[in-house]
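# I need the structure of the sequence given here:
(chains A and B)
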Number of protein chains: 2
Amino acid sequence: MGYKVGIVGATGAVGQEFIKLLSDRNFPVSELKLFASARSAGKQVEALGTTITIEEATETCFDGLDYVLFSANGSLSKALCPAAAKAGAVAIDNSSAFRMDPEVPLVVPEINGEAARAHKGIIANPNCSTAISLMGAAPLHKAFGLKRMFASTYQAVSGSGAEAMKELEDQLKAWSAGEPIEKSVYPHQIAFNALPHVDVFQDNGYTKEEMKLVNESRKIMGLPDLVASCTCVRVPVMRSHSISINAEFERPVSVEEARAAIAEFPGVDLIDEPSSNTYPMPLDFAGRVNCGVGRIRQDIGFDNGLAFWVVGDQLWKGAALNAIQIAEYLIK
Amino acid sequence: MGYKVGIVGATGAVGQEFIKLLSDRNFPVSELKLFASARSAGKQVEALGTTITIEEATETCFDGLDYVLFSANGSLSKALCPAAAKAGAVAIDNSSAFRMDPEVPLVVPEINGEAARAHKGIIANPNCSTAISLMGAAPLHKAFGLKRMFASTYQAVSGSGAEAMKELEDQLKAWSAGEPIEKSVYPHQIAFNALPHVDVFQDNGYTKEEMKLVNESRKIMGLPDLVASCTCVRVPVMRSHSISINAEFERPVSVEEARAAIAEFPGVDLIDEPSSNTYPMPLDFAGRVNCGVGRIRQDIGFDNGLAFWVVGDQLWKGAALNAIQIAEYLIK
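Numbering: from 1, shown residues only, chains lettered A, B, ... in the order given. The predicted model follows:
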């Protein structure tokens, strides 16, 4: 017994992690179908110990499936998630297309898993830096009542897909060989650099990515009045995002209680021993299920505040893993 | 006619920039003396078109000098700056030894140059991330009255000296060649990583570097009640620091006025055209005299707030250049 699972965007960086995680986590798959654009259709891929031929993702490809994991661009998700839902599957979508739709649950299972049960065929997976930030902020919200947060991100290139990971590699190899550095994914060189620019700019001067943290955090934590402000920055790191957060709370805070709140929350590791230079770092979080929180201290910028540092794998908790955890939550 | 100048720590990363900048800026030097530890004494260095033999820095080496630029560790500065002052020179010190001493001016010439004139033989040069942060914050303070700021830094390895720059290079070359990556300067690999750890940890959970931004900002801007909170992070960038700042002001702000305030302030460039992907980036600021400010927007986390991004060369405005600008201010 098991579930018939489809993956849309199977050839991308997140799609590959979907396949790996379904296997690693022994997700009960009775049949796996892989979809991608017409360009990749016909390609053969090893998955779950067998060879699967990639099919073109179309409105009519979802018949008989139970879960369809989407990692495609927003317009493809917009077109195909309703088709998957109509065919009787639950579509779990990584794009931003449905996240703020009031009819669609936006879920981090450890935080608001119960919201997933109210789905009408589509469930949205949060933005990567939001999901990872909230793995630090939500436990502290539970303990002290979150009022306001300022976040600055240190985002890995994996967030821009497999070509961006290759671009960072290529740039550093070219540098190392004394050859000219080329770029195509990012508007500027990413090696040895920091780009205060993730996603497109909005009229208010924030990027879309920065506003996602504001809006998605409100929806996931059920805090419509949460005040939040974010600056998103791409750094030459391969696949884990880090976020520096200054947070203000309703109730008085203590570092001891904050550490306890993190330690007992599922899906997050307390990594916070400054005396032994122990804190979460992106290099340690590639391919790690849990996120990590450290550098917890009473924030001297607020009366009731905590400053902290969260790290998590962009491809996993920030994308593929969280989507699969949503499916796991539903079949539990 | 000119000034007799000494450099203590002439062989270090900042010392080398002192020599380069004295030449580049045509600082009126009639005689240059280079000092370092006993280990480097006797070594010959090309400087200002001639060959100079490095002498050991001692309490008795400063006779006849007008300005002595120090880039040494705090304990050496503590021992030798008073000796330089006693010998009649003005000691301009890059260490943290004297920065919070009420008898010693702490100076960024564009912000509080006049404070330098009250010196008693020693002038302190600010911490690198503080000096660069304030090149963005001070013009906005002048316009709107700064009340509170949250800063997250993206600090270059140059801040840890020449060996750290070599360590990042060596790690990336080893990675590129498929060889094992070694570390000695930092407790963790810096290539492909982000270390939320600059300087030593204090009892309140902040690092010394993070508290410098709080305390030195208050002193330089003459704002004893300024509320500030900072998280300092080392990133795999070679020599320019970047800082993401969320700032709250006394008076209502506008992005237009903020941009005007930055544009008219000396020593800082407004680099802020999101529509053409134009913002300051560390790669563009190595060897640049001015700091850059961009990503200016109304901060949605405050009633009267601005979010912005500042970048500057750690070795220049964060160290050697600012020290020389202090001397230039005094001889003007």
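# What sits closest to residue A:93 if chain neighbours are left out?
Among residues not flanking residue A:93 along the chain, residue A:70 sits closest, at 4.4 Å (Cβ to Cβ, 6 or more residues apart in numbering or on different chains). C-beta coordinates here come from the backbone N, C-alpha and C atoms, glycine included.
# Would you mind measuring from residue A:45 to chain B?
27 Å (Cβ to the nearest Cβ, to the nearest Å).
# so who does that residue touch?
A:10-11, A:19, A:34, A:51-54 (Cβ atoms under 8 Å, 6 or more residues apart in numbering or on different chains).
# just checking, next helix/strand downstream of the strand or helix carrying it?
According to DSSP states H and E, residue A:45 maps onto strand A:44-47. The helix or strand immediately downstream of strand A:44-47 is strand A:50-53, counting by DSSP H and E.
# follow-up on the earlier one: measure the residue nearest to residue A:93 to chain B for me?
29 Å.
# Distance of that residue relative to residue A:135?
Using Cβ to Cβ, to the nearest Å, one gets 22 Å for the distance from residue A:70 to residue A:135.
# how about the helices of chain A, start to end?
Ranges of helices within chain A are A:13-24, A:74-86, A:109-112, A:128-144, A:162-176, A:208-221, A:255-264, A:321-331, based on DSSP state H.
# just so I know, which of these lies nearest residue B:307?
helix A:208-221 (8.8 Å; Cβ to Cβ).
# Settle this for me: residue A:201 is touching residue A:209, isn't it.
No - using Cβ atoms under 8 Å, residue A:201 is not in contact with residue A:209; the gap is 10.1 Å.
# Looking at the two now, which is surrounded by more residues?
Taking other Cβ atoms under 10 Å in any protein chain shown, residue A:201 and residue A:209 do not tie; residue A:209 has more neighbours (24 against 18).
# Enumerate every residue touching the more buried one.
A:127, A:129, A:198-199, A:230, A:232.
# run the last query once more with 7 Å
A:127, A:129, A:198-199, A:232 (Cβ atoms under 7 Å, 6 or more residues apart in numbering or on different chains).
# any idea which of the residues you listed is closest to residue B:152?
residue A:232 (11.6 Å).
# mind checking pLDDT for the closest one?
Note on residue A:232: pLDDT of 98.
# neighbours around it, how many?
So residue A:232, with other Cβ under 10 Å, has 29 neighbours.
# how close does the closest residue to it other than its chain neighbours sit to chain B?
Spatial nearest neighbour of residue A:232, excluding adjacent residues (Cβ to Cβ, 6+ apart): residue A:198 at 3.9 Å. Distance, residue A:198 to chain B, using Cβ to the nearest Cβ: 11 Å.
# How many neighbouring residues does the residue nearest to residue A:93 have?
Residues within reach of residue A:70, counting by other Cβ under 10 Å, total 30.
# what's it in contact with, if anything?
By Cβ under 7 Å, 6+ apart, the neighbours of residue A:70 are A:8-9, A:77, A:81, A:91-95.
# and which of these is nearest chain B?
residue A:95 (22.8 Å; Cβ to the nearest Cβ).
# Could you give the number of residues near the residue in the stretch 1-150 of chain A positioned nearest to chain B?
Residue nearest to chain B within the stretch 1-150 of chain A (Cβ to the nearest Cβ): residue A:150, separated by 4.6 Å. Residue A:150 has 32 neighbouring residues, counting by other Cβ under 10 Å.
# same question, residue A:180
Neighbours around residue A:180, by other Cβ under 10 Å: 8.
# Grab the nearest non-local neighbour of it.
residue A:174 (6.5 Å).
# Likewise for residue A:195?
Excluding the flanking residues, the one nearest residue A:195 by Cβ to Cβ, 6+ apart is residue A:234, at 4.3 Å.
# so what's residue A:274 closest to, chain neighbours aside?
Counting by Cβ to Cβ, 6+ apart, residue A:274 lies nearest to residue B:201, which is 4.0 Å off, once chain neighbours are set aside.
# was I right about residue A:74 contacting residue A:97?
Yes - because the distance of 4.4 Å satisfies Cβ atoms under 7 Å, residue A:74 is recorded as touching residue A:97.
# follow-up on the earlier one: tell me what the residue nearest to residue A:93 is bridged to.
Under DSSP bridges, the beta-bridge partners of residue A:70 are residue A:8, residue A:93.
# Wait, residue A:223 touches residue A:146, no?
Yes - between residue A:223 and residue A:146 there is a contact at 6.5 Å, judged by Cβ under 7 Å.
# Neighbour count for those two, which is higher?
Counted by other Cβ under 10 Å, residue A:223 and residue A:146 do not tie: residue A:146 has more neighbours, with 23 against 16.
# Would you agree the more buried one is in contact with residue A:247?
Yes - assessed by Cβ under 7 Å, residue A:146 is found in contact with residue A:247 at 6.1 Å.
# so what sits against both of those two?
A:137, A:140.
# I'd like to know how many residues surround the closest residue to residue A:170 other than its chain neighbours.
Excluding its sequence neighbours, the residue lying closest to residue A:170 (Cβ to Cβ, 6+ apart) is residue A:182, at 7.0 Å. Summarising burial for residue A:182: neighbours were counted as other Cβ under 10 Å, giving 10.
# quick one: residue A:182 from chain B, how far?
For residue A:182, the distance to chain B equals 15 Å [Cβ to the nearest Cβ].
# From residue B:50, how far off is the nearest residue to residue A:15 once chain neighbours are set aside?
Nearest non-adjacent residue to residue A:15, counting by Cβ to Cβ, 6+ apart: residue A:9, 4.6 Å away. From residue A:9 over to residue B:50 the distance is 64 Å, taken as Cβ to Cβ.
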